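**Student:** all I have is the shape, not the residue letters:
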Ligand code: SF4
Ligand code: SF4
């Protein structure tokens, strides 16, 4: 599958390149693909309107609070980029515009402190994430979460109740104990792959990571979890923290390239987009430029990898209806749309039903659903209308962040559908086959 090289970072002071801005011919063909325009019907909250405002700033207009607000409301989902016939590289333009805003902003002392804790102390540190995960687990397991939700205390703090409803569960045992280990292929070994298990996912999606290993093993892979791997740096990149993102990237490259692998696998489309752009992230690093390109050539989304090999067809029937929500980072960021659908359609008994506008963002968009909760929930409500129309009982996607958002959608606006990663559906099908075989 083709993978776009998407320059995420740009000169923090210059903003979007004039050559990129000039590519927009204001045709409006992107409007229908833009979730915020669809919700608000406001030109300034459309891709074309945002580009117009970026152009004004590039030509000397001040960055007003209204400009910042219209850009903040953009999901950076890149649906407009896919829809644009003129090849406007909107993704890198919004990143550059945001970096320009950040370069001139004066964050409060509290905002600076929170940023430092999250990006420098929490995300890169296994022990800090484990500690945070243990606290969340205690909050959930002791019944405190139920009490807080039932008491409605959080409603006193604006949208905090809605934001809390999106928080992930801490899944014990955490996945960290698996890192550094090697899992043998089941049956003849066909491939040797490295699996990068993420950062927060080791706490919040431990079972998904385990399912990923099982499915790879059953497809003839020896699965290695490089001991020195760390956070991919995606959230750092999107927050303009280039230096920290580069340090994390160098570490992951060293962790993987010290051995020989047929592929490096991720199950998180959001991480995958950034991992596939390490070559751009380290473009000015003479020592790592080539290694980053080699790393990129090995990087595969799990669905991309499985659809490219001869799939183990020992799949048991899952007699249900499933629909698929494209993750923006997979569909628009990596142009991977067919692979997850092919995998779902390979499962016997499973009826695959497309929803309308499956590649329209669900409102998750990294931390957008926290930062712009009201708009995120409005988008989610409409997304769930499309899901409900399919009458599917499985809502399947390929990114943990989207899973959290869709799970909230199923609870709040849906019909209590199960929300699963493609890999989890395959895993269930393989287990079903094994159980049937063992009783024969
Ligand atoms: S971004 Fe592309 S599709 Fe949208 S108005 Fe500009 S040229 Fe047209
Ligand atoms: S990135 Fe998404 S939200 Fe932002 S302008 Fe494009 S389509 Fe709209």
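**Tutor:** Alright, I've got the coordinates. All values derive from a computational prediction rather than experimental measurement. Ligands and ions are numbered 1, 2, ... in the order given.

**Student:** ignoring the adjacent residues along the chain, who's closest to the residue in the stretch 251-400 of the chain that ligand 1 sits nearest to?
**Tutor:** Closest residue of the stretch 251-400 of the chain to ligand 1, Cβ to the nearest ligand atom: residue 332 (13.3 Å). (Glycine included, C-beta is placed from N, CA and C.) Nearest-residue entry for residue 332: residue 78, 3.9 Å, with adjacent residues in sequence omitted and distances by Cβ to Cβ, 6 or more residues apart in numbering.

**Student:** got the contact list for the one you found?
**Tutor:** For residue 78, the contact set (Cβ atoms under 8 Å, 6 or more residues apart in numbering) comprises 90, 91, 328, 332, 333.

**Student:** my guess is the third one contacts residue 77. True?
**Tutor:** It stands for residue 328. Yes - using Cβ atoms under 8 Å, residue 328 makes contact with residue 77 at a distance of 4.1 Å.

**Student:** shared neighbours, those two?
**Tutor:** In contact with both residue 328 and residue 77: 361, 365, using Cβ under 8 Å, 6+ apart.

**Student:** stretch 52-71 vs ligand 1: in contact?
**Tutor:** No - residues of stretch 52-71 are not located near ligand 1 by Cβ under 6 Å from any ligand atom, the shortest gap being 9.1 Å.

**Student:** in that stretch, what counts as buried?
**Tutor:** For stretch 52-71, a neighbour-count test (16 or more other Cβ atoms under 10 Å) marks 53, 54, 55, 57, 58, 63, 67, 68, 70, 71 as buried.

**Student:** follow-up on the earlier one: mind checking which of the contacts of residue 78 are in strands?
**Tutor:** Residues of the contacts of residue 78 located in strands (DSSP state E): none.

**Student:** any idea which of these the model trusts least?
**Tutor:** Model confidence across the contacts of residue 78 bottoms out at residue 91, which has 88.

**Student:** give me the neighbour count for it.
**Tutor:** Using other Cβ atoms under 10 Å, residue 91 has 21 neighbouring residues.

**Student:** over to the residue nearest to the spatial centre of the chain. Which of the three states is it?
**Tutor:** Against the mean C-alpha coordinate of the chain, by Cα atoms, centre = their mean, the closest residue is residue 270 at 2.7 Å. At residue 270 the chain is in helix, as set by DSSP: H, G, I helix; E, B strand; the rest coil.

**Student:** so it touches residue 233, yeah?
**Tutor:** No - the criterion here is Cβ under 8 Å, and residue 270 misses it with residue 233 at 11.4 Å.

**Student:** tell me how many other residues surround residue 425.
**Tutor:** 25.

**Student:** check the gap between it and residue 307 for me.
**Tutor:** According to Cβ to Cβ, to the nearest Å, residue 425 and residue 307 sit 14 Å apart.

**Student:** quick one: common contacting residues for those two?
**Tutor:** residue 343.

**Student:** Provide the backbone phi and psi angles at residue 221.
**Tutor:** Here is the backbone geometry of residue 221 (degrees, to the nearest 10): phi -100, psi 130.

**Student:** any idea how far apart the tips of stretch 100-119 sit?
**Tutor:** This stretch, stretch 100-119, spans 20 Å end to end (Cα to Cα, to the nearest Å).

**Student:** mean confidence for that stretch?
**Tutor:** What stretch 100-119 shows for mean pLDDT is 81.

**Student:** picking up where we left off before, now that we have the contacts of residue 78, which one has the most neighbours?
**Tutor:** Within the contacts of residue 78, residue 328 tops the neighbour count with 31 neighbours, counted by other Cβ under 10 Å.

**Student:** from residue 81, how far out is that one?
**Tutor:** Residue 328 is 10 Å from residue 81, by Cβ to Cβ.

**Student:** what does residue 144 give?
**Tutor:** 43 Å.

**Student:** of those two, who's got more company?
**Tutor:** The residue with more neighbours, out of residue 144 and residue 81, is residue 81; 23 against 11, by other Cβ under 10 Å.
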